[in-house]
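Got a sequence here, can you build the structure:
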Amino acid sequence: MAAGRRATESAASTEVEALAAPVRAELVGQLVRWFAREARDLPWRRTRDPYKIWLSEVMLQQTRVDTVIPYYERFLADYPTVRALAAAPLEEVLRRWSGLGYYRRARQLHVAAREIVDAYGGRFPSTASELVKLQGVGAYTAGAVASIAFGEATPLVDGNVIRVLSRVFGLSEDMRQPRTQARVWALARALVPSDRPSDFNQGLMELGSQVCTPRAPSCVRCPLRSVCVAHREDRAESLPILGAKKPPKSEALVATVITEGGRVMLGRRAASGLYAGMWEPPVAADLEGARRELESRGARGVDVLVRVGEVRHVLSHRRLAIEVWRGDVDTAGDAVQPKTTRRKAASASAQSSPYDEVALRRPGEVPLSTLAKKLLRAAGVALAAALVLNPTRARADDEAPEPEPPSADVSDADVAWLQRLSEPRGSSFRLLLSATGGRGVRFNNPFRLATQLGASPEGPSLTAPYVDAGFALGFGNPFGFQHGPVVHASFATEGVAQPALSAGYALMRRTPVILGLARAGACLLAAPDANVGGEVALGGAVFATGALGVTAEVVGNLFYGAGTYDKAYTLFPVVSVQAGLLVDLEVLP
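Residues are numbered from 1 along each chain as shown. Coordinates of the predicted model:
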């Protein structure tokens, strides 16, 4: 497949060079600078270890970043090196992968790890042309590992890259067609620079994930908008063109969940095909087929099967509706024959079964597919908590071919920011400068804590309009929460002069478009009467450009002092709303 792609690329090389040459320098420069400034802090971006980068790329195929991070960290804790992975039993590797979906990835990862140890002495091949020879490693994965870990100037193309390049160059062909994908590969090859291929390739993927998204792309924030054909022609949302997929075929099946104490009758899928090597409750075409499967495997003492629910599960080519039937083994009988029933010793009926082994097992002891977990839950079988790792975010689809490239519909817009909350980036900080105006409501002596010597109006009263200027410093990771000091000064715009000053501490978080901020501190209302108190505020800003935003804030104060109407000292709250402009000056290390 790779050889065919290269041949097609070569035939189109002249056309591609003419397309890429006029914008190459500007495109590469803008993208690399943008990535250095905006890249998310992800675990696999803190290393150049080819094993860790390879693992992340395999896990990220068809799976969202925020789903992958905990699996990635746990997997590395168990298998910190390629030698450790190669030495591990396959069933244990599948068990660690359980819930992440696309289980063929885990099997191929295990085979490739053994190839690296056996054929390369445990050292990773350093070029894409060598990496692609490993089991399960296609052109995309090879390009990612070679460019990121070894600095090879080689391209990569995934769904995000397809989307970015189709828009930048205004490609109007169907991106699902092999000829068009070959053209995109040729474009990527013509663009990748020799000096910073890692930043360029990661920048393309990051841009497609965070800015050039499938729906509502944020062109105003895109560093490539000056060279983008789709932006210039106002057709970014109509690209890329993706031909219709063949809809999945509906299929009705029956699953039987047979229990005995804490054990469940489970079948292990054959070593090839759907869910290879994974365990699940036996599944058949209908109830009679399910009974025959049980009988062929030697199940006894199961007199009654009760329908307990239905599970729906979507694969790339099939939409499954599975009736779930449960039965309990009579304690006087045996669930299975004394020896584990294997295919070679089974009846003719069992020989056509997808299972090479059926046995009573505890669910926590074997690798379960996401579908198997759904079936067990539907039957009311408890699962070991350690094995239920975010199953709702993963799809278990081993029917799909190697996902290279992933669907162009996959987007990770603004995910994984919260994963890095406690990991500061050196001396990075952001400075917020605000200029706002507002007005509040004073609640006059609602606490009745002091004797009033003078007249006091009943009910709340409006404060004078005021203008406010302030700044806040946020230290820490710019891709998560930051915190730091905040100072505000305000002055009334009419009536009696009322200067006020507040100082405190703020917690803030900035995404590409929105900033949220909460602050608390002390305040002083200096005139016409001295009042001191506390202040809390909650607000945010929306940014049309990278630095300038429109901000609004709700501020609550609790003052202690003598107000305009109250001659005695007392407590009184003030609630105000202010709005205006905010400038975000972010300084990275």
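
any idea of the mean pLDDT in the longest helix along the chain?
Longest helix in the chain, counting residues (DSSP state H): helix 104-120. Confidence for helix 104-120, expressed as mean pLDDT, is 92.

can you give me the mean pLDDT across the helix or strand following that helix?
Note on helix 104-120: by DSSP states H and E, the next helix or strand toward the C-terminus is helix 128-131. Helix 128-131 shows a mean pLDDT of 94.

what's the offset of the following helix or strand past helix 128-131 from the middle of its chain?
Once helix 128-131 ends, the next helix or strand along the chain (criterion: DSSP H and E) is helix 139-150. How far helix 139-150 lies from its chain's middle: 21 Å, per C-alpha atoms, centre = their mean, to the nearest Å.

I'd like to check what contacts helix 139-150. Which residues are they?
If you take C-beta atoms under 8 Å, 6 or more residues apart in numbering as the criterion, helix 139-150 is touched by 1-2, 5, 48-50, 53-54, 57-58, 61, 124, 126-129, 131-132, 137, 152-158, 185, 192, 197-198, 201-202, 404-405. Bear in mind the C-beta positions are built from the backbone N, C-alpha and C, glycine included.

buried subset of those residues?
Neighbour counting with 16 or more other C-beta atoms under 10 Å marks 5, 49-50, 53-54, 57-58, 61, 124, 128, 131-132, 137, 152-158, 185, 192, 197-198, 201-202, 404-405 as buried within the contacts of helix 139-150.

Cross those against helices and list the overlap.
Reading helices off the buried ones among the contacts of helix 139-150 with DSSP H, I get 5, 50, 53-54, 57-58, 128, 131, 185, 197-198, 201-202.

could I get these as CSV with distance to residue 76?
Listed next are those as CSV, based on distance: C-beta to C-beta, whole Å:
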residue, distance to residue 76
5, 32
50, 13
53, 12
54, 12
57, 14
58, 13
128, 24
131, 20
185, 31
197, 25
198, 20
201, 22
202, 20
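
ok, of those, which one's closest to residue 286?
Within those, the smallest distance to residue 286 is 37.1 Å, found for residue 58 (C-beta to C-beta).

Spit out the contact partners of the closest one.
105, 108-109, 136, 141.

Scan the residues you listed and report the most crowded one.
Neighbour tally across those (other C-beta atoms under 10 Å): the maximum, 26 neighbours, falls on residue 141.

Per-residue pLDDT of it, please?
94.

I'd assumed residue 127 was in contact with residue 134.
No - the pair residue 134 / residue 127 is not scored as a contact, 11.9 Å apart, by C-beta atoms under 8 Å.

max-length strand in this structure?
In the chain, taking DSSP state E as the definition, the longest strand is strand 570-587.

Would you mind listing the buried residues in that strand?
570-574, 576, 578, 580, 582, 584, 586.

cool, and stretch 521-536?
So stretch 521-536, judged by 16+ other C-beta under 10 Å, has buried residues 521, 523-525, 529, 531, 533-535.

and the two most separated of those residues?
When the buried residues of stretch 521-536 are compared pair by pair using C-beta to C-beta, the maximum separation belongs to 521 and 529, at 20.7 Å.

ok, so of the ones in helices among the buried ones among the contacts of helix 139-150, who is nearest residue 313?
Nearest to residue 313 among those, with distances taken as C-beta to C-beta, is residue 58, at 22.7 Å.

which regions of the stretch 151-300 of the chain sit below the pLDDT cut-off?
For the stretch 151-300 of the chain, applying pLDDT under 70 flags the ranges 271-273, 297-300.

now the strands for it?
Along the stretch 151-300 of the chain, counting by DSSP state E, counting those that start in this stretch, strands occupy 249-260, 263-269, 279-280, 283-284.

what do you get for the stretch 451-589 of the chain?
With DSSP E, counting those that start in this stretch as the criterion, the stretch 451-589 of the chain has strands spanning 460-462, 466-475, 481-492, 500-510, 514-525, 531-543, 548-561, 570-587.

tell me what the longest one is packed against?
When contacts are defined as 3 or more C-beta pairs under 8 Å, 6 or more residues apart in numbering; DSSP states H and E, strand 570-587 sits against strand 429-443, strand 466-475, strand 531-543, strand 548-561.

what about 7 Å?
strand 429-443, strand 548-561 (3 or more C-beta pairs under 7 Å, 6 or more residues apart in numbering; DSSP states H and E).

Please work out the average pLDDT along that strand.
pLDDT averaged over strand 570-587 gives 83.

so what strands line up beside it?
Partner strands for strand 570-587, per DSSP bridges, with pairing direction: strand 429-443 (antiparallel), strand 548-561 (antiparallel).

again, but for the fourth one
Strand pairing for strand 500-510, determined by DSSP bridges: strand 481-492 (antiparallel), strand 514-525 (antiparallel).

Looking at those strands, which is nearest to residue 24?
Here strand 514-525 is closest among the strands paired with strand 500-510 (C-beta to C-beta), at 33.9 Å.

roughly how far is that closest one from the heart of the chain?
The answer for strand 514-525 is 31 Å, by C-alpha atoms, centre = their mean.

That strand vs strand 466-475, what angle?
If you take axes from the mean of the first three to the mean of the last three C-alpha atoms, to 10 degrees, strand 514-525 sits at 120 degrees to strand 466-475.

how far off strand 531-543 does strand 514-525 point, in degrees?
160 degrees.

contacts for strand 514-525?
Applying C-beta atoms under 7 Å, 6 or more residues apart in numbering, the external contacts of strand 514-525 come out as 472, 486, 498, 500-509, 531-542, 549, 557, 559, 584.

can you do 6 Å?
For strand 514-525, the surrounding residues in contact (C-beta atoms under 6 Å, 6 or more residues apart in numbering) are 486, 500-504, 506-509, 531-533, 535-542, 557.

Any of those residues buried? List them.
Of the contacts of strand 514-525, these count as buried by 16+ other C-beta under 10 Å: 486, 500, 502-504, 506-509, 531, 533, 535, 537, 539-541, 557.

circling back: nearest to residue 76, out of the strands paired with strand 500-510?
Nearest of the strands paired with strand 500-510 (C-beta to C-beta): strand 481-492, 25.2 Å.

Show me how this protein divides into domains.
2-238, 249-393, 418-587 (automatic domain parsing).

deepest of these, which one?
domain 2-238 (a mean of 19; mean count of other C-beta atoms under 10 Å).

Chain neighbours aside, what residue packs nearest to residue 125?
Nearest in space to residue 125, with sequence neighbours left out and distances taken as C-beta to C-beta, 6 or more residues apart in numbering, is residue 131 at 5.0 Å.

cool, and residue 371?
residue 313 is the one closest to residue 371 (C-beta to C-beta, 6+ apart), at 5.1 Å.

got a pLDDT number for the one you found?
pLDDT, residue 313: 85.

that's a helix at it, yeah?
No - assessed by DSSP: H, G, I helix; E, B strand; the rest coil, residue 313 does not belong to a helix; its assignment is strand.

Can you tell me how far it is from residue 279?
16 Å (C-beta to C-beta, to the nearest Å).

what does residue 38 give?
Taken as C-beta to C-beta, the span from residue 38 to residue 279 is 43 Å.

So residue 322: helix, strand or coil?
Applying three-state DSSP: residue 322 is strand.

Who are the contact partners of it?
253, 255, 311.

For it, give the beta-bridge partners.
residue 253, residue 311.

Ok, residue 503 next?
Bridge pairing for residue 503 - DSSP bridges - gives residue 487, residue 522.

Wait, it touches residue 487, no?
Yes - proximity of residue 503 to residue 487 meets the contact threshold set by C-beta atoms under 6 Å, at 5.0 Å.
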